[in-house]
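**Q** need a structure here:
(one chain, ligands or ions: 1)
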Amino acid sequence: MTTQDVINQYGKYVMNTYVRQPLVLVKGKGSRVWDLDGHEYLDLFPGWGVSGVGHCHPWVMKAVRGQSTRLMHVPNNFYSPAQWKLAKALIDLSFDGTVFFANSGAEVVEAAIKLTRKWGNSVGRHEIIVMEQSFHGRTTGAISATGQPIYQRGFEPLLPGFVRVPFNELQAVERAITPKTAGIMLEPIQGEGGVRVASDEFLRGVRRLAERHRLLVICDEIQTGLGRTGTMFAYQHSGVVPDILLLAKTLGGGFPIGAMIAARSVSEVLGPGTHATTFGGSPLACACGLAVLEVINKKQLLARVSSFGGVAWKRLSALKGRCPIIREIRGRGLMLGIELTTDGRPIVEACRAKRLLINATQQRVLRLLPAMTITRAQLDRGLSILEEVLMEHAGAASSQQPAASNQQSAE
Ligand SMILES: *Cc1c(COP(=O)(O)O)cnc(C)c1O
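**A** Below is the predicted model:
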């Protein structure tokens, strides 16, 4: 079967809900993936952040092999050893509370909406303040919480009870608070929204408002969590501790899992029978989660992310000085956004032609979420390819529209 054959079969049998790149991937190791024809790619956007410890990490593979020979699934009307171990490990890393396990990001967003409503409804509150340009997933509740009309259009009526405010604007949050407000939900760094970093000041202000009005702070760290920004959780940069913390992507090392961590006093409102999932927190998923935490800890990935993040930041900032199509570099640790003055998609394609995989979001923002296990040589090589492609496109842009590039340098 050729790549084109596979694409044709997708056309016939797979629902056409995704924009896909024309690559059939069959193998991965660390920061490398291989296509059907045996071509090797350097992956600086592994699994949309799912493969945070790299593709097929040996410790995750070992966990899958071990657990899958004993027991893969235990429904939640029984106990299993792996679930409490992963819950305890996550609590030890975050704050005192309890954990609800699900299978994806959107599912824990839904869980957080339900928990916040159940917590607030007893005192007549149900509204959740959310941020413009946020992204919380694709289920009906999650798109209602999401601050981007593009994900909502055509699916109305949406779930009511969400109040949208501009990101990083504390006064807007304050103005949006009513006697019906139960919580404030945000991403410490908006990923899909274009790698936009919440200022520490904003996060501290949100926490202060929450204290004053007795509201829950919900941190969606599905993309930023588990080391990505150089601390275990991105909220730790600001010192602000949320009441509810949402994790998914990196946690399973490639296996689907989501986790909602809630402060003890809050989590108590979800008693037996109030929320459930058939698959959530299976021994297999939890074994993968434990393996991922062990990799982050024993391989000292936080220090690595900080150091390599600094290297990447320096190089991209220097490039910005030379490359007129770069408007801004944003991010923290190994979560990096490069906002361009032009469409990012041709850059993604040109990188792919040079066997480098990256992402573009919000049309003009290139996004890198390299595996935290990436080697220095791989990172350097990836950045060199990206640099080459960006300089080529900058040259093309300036030779086509000299006026536009002059304007750019005058800014
Ligand atoms: C990916 C993502 C989600 C949705 O996760 P799924 O597993 O795709 O449902 C929610 N919030 C953020 C911040 C994300 O990055």
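**Q** which residues of the stretch 51-200 of the chain fall in strands?
**A** 97-102, 127-131, 162-165, 181-186, 189-190, 196-197 (DSSP state E, counting those that start in this stretch).
**Q** and the residue of the protein nearest the ligand?
**A** When scored by Cβ to the nearest ligand atom, the chain has G105 as its residue closest to the ligand, at 2.1 Å. The way it works is simple: take the backbone N, C-alpha and C, and place the C-beta from them, glycine included.
**Q** what separation is there between that residue and E349?
**A** For G105, the distance to E349 (Cβ to Cβ, to the nearest Å) stands at 27 Å.
**Q** the two: which is more packed in?
**A** Between G105 and E349, counting by other Cβ atoms under 10 Å, G105 is the more crowded of the two (29 against 13).
**Q** contact residues of the stretch 201-350 of the chain facing the ligand?
**A** Contact residues, the stretch 201-350 of the chain versus the ligand (Cβ under 6 Å from any ligand atom): D220, I222, Q223, A248, K249.
**Q** which one (most neighbours) among those?
**A** Highest neighbour count within these, by other Cβ under 10 Å: D220, with 31 neighbours.
**Q** so what's it up against?
**A** G105, V109, A112, S134, H136, M185, L186, E187, L246 (Cβ atoms under 8 Å, 6 or more residues apart in numbering).
**Q** my guess is the third one contacts I244, does it?
**A** This points to A112. Yes. Under the criterion of Cβ atoms under 8 Å, A112 makes contact with I244 at 5.1 Å.
**Q** which neighbours do those two share?
**A** I218, M260.
**Q** closest to T178 out of the contacts of D220?
**A** M185 (15.8 Å; Cβ to Cβ).
**Q** show me what stretch 115-124 is in contact with.
**A** Stretch 115-124 has contacts (Cβ under 8 Å, 6+ apart) with 126-128, 161, 179-180, 182-183, 185, 216, 218, 244, 260, 262, 266-267, 269-270, 274-275.
**Q** what's the burial count for M72?
**A** 13.
**Q** who are the contact partners of it?
**A** The contact partners of M72, by Cβ under 8 Å, 6+ apart, come to S282, P283, L284.
**Q** if I look at the second one, how far off is A63?
**A** Between P283 and A63 the computed distance is 10 Å (Cβ to Cβ).
**Q** could you look up the SS state of the nearest residue to L25 once chain neighbours are set aside?
**A** Of all residues not flanking L25 in the chain, V33 sits nearest, at 5.1 Å (Cβ to Cβ, 6 or more residues apart in numbering). Assigned with DSSP: H, G, I helix; E, B strand; the rest coil, V33 falls in the strand class.
**Q** in contact with V33, which residues?
**A** For V33, the contact set (Cβ under 8 Å, 6+ apart) comprises L25, K27, E40, Y41, D43, P46, H55, L357.
**Q** before we move on, back to that, what subset of the contacts of stretch 115-124 is buried?
**A** Buried by 16 or more other Cβ atoms under 10 Å: 126-128, 161, 182-183, 185, 216, 218, 244, 260, 262, 266-267, 269-270, 275, out of the contacts of stretch 115-124.
**Q** so which of those residues are in helices?
**A** Counting by DSSP state H, the buried ones among the contacts of stretch 115-124 place V266, S267 in helices.
**Q** show me the shaky parts of the stretch 151-300 of the chain.
**A** Within the stretch 151-300 of the chain, no stretch has pLDDT under 70.
**Q** domain ranges for this structure, per the record?
**A** 3-56+300-410, 58-298 (automatic domain parsing).
**Q** highest mean neighbour count out of the ones you listed?
**A** domain 58-298 (a mean of 20; mean count of other Cβ atoms under 10 Å).
**Q** please enumerate the helices of the stretch 151-300 of the chain.
**A** 170-176, 200-213, 264-267, 283-298 (DSSP state H, counting those that start in this stretch).
**Q** and the two most separated of the residues of the stretch 201-350 of the chain next to the ligand?
**A** Largest pairwise distance in these, by Cβ to Cβ, is 10.9 Å, between D220 and K249.
**Q** pull up the overlap in contacts between these two.
**A** G105.
**Q** now do the contacts for the spatially most central residue of the chain.
**A** Nearest to the mean C-alpha position of the chain, counting by Cα atoms, centre = their mean, stands Q223 at 1.6 Å. By Cβ under 8 Å, 6+ apart, the residues touching Q223 are G49, E187, I189, G191, E192, K249, M335, L369.
**Q** nearest residue to L290 in space, please, no chain neighbours.
**A** Nearest non-adjacent residue to L290 (Cβ to Cβ, 6+ apart): L86, at 5.4 Å.
**Q** nope, N103 is what I was after
**A** Per Cβ to Cβ, 6+ apart, closest to N103 is P256, 4.7 Å.
**Q** what of D343?
**A** Using Cβ to Cβ, 6+ apart and skipping the chain neighbours, the partner closest in space to D343 is Q363 (6.0 Å).
**Q** cool, and V217?
**A** P242 (4.5 Å).
**Q** I'd say the one you found and I218 touch.
**A** Yes. Between P242 and I218 there is a contact at 6.3 Å, judged by Cβ under 8 Å.
**Q** who in the stretch 51-200 of the chain is up against the ligand?
**A** For the stretch 51-200 of the chain, the contact set with the ligand under Cβ under 6 Å from any ligand atom comprises S104, G105, A106, V109, F135, H136, G137, E187, G191.
**Q** could you work out the most separated pair of the residues you listed?
**A** Largest separation among those by Cβ to Cβ: S104 and E187, giving 16.0 Å.
**Q** what's downstream of whatever helix or strand I7 lives in, the next helix or strand?
**A** Per DSSP states H and E, I7 falls inside helix 3-13. Downstream of helix 3-13, the next assigned helix or strand under DSSP H and E is strand 25-29.
**Q** may I have that following strand as CSV, with CA atoms only?
**A** Provided in CSV are the C-alpha atoms of strand 25-29 (Å, rounded to 0.1, in the frame of the first residue of the first chain):
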residue,chain,number,x,y,z
LEU,A,25,3.2,7.4,10.1
VAL,A,26,4.1,3.9,11.1
LYS,A,27,6.9,4.1,13.7
GLY,A,28,8.2,6.5,16.3
LYS,A,29,11.1,6.7,18.7
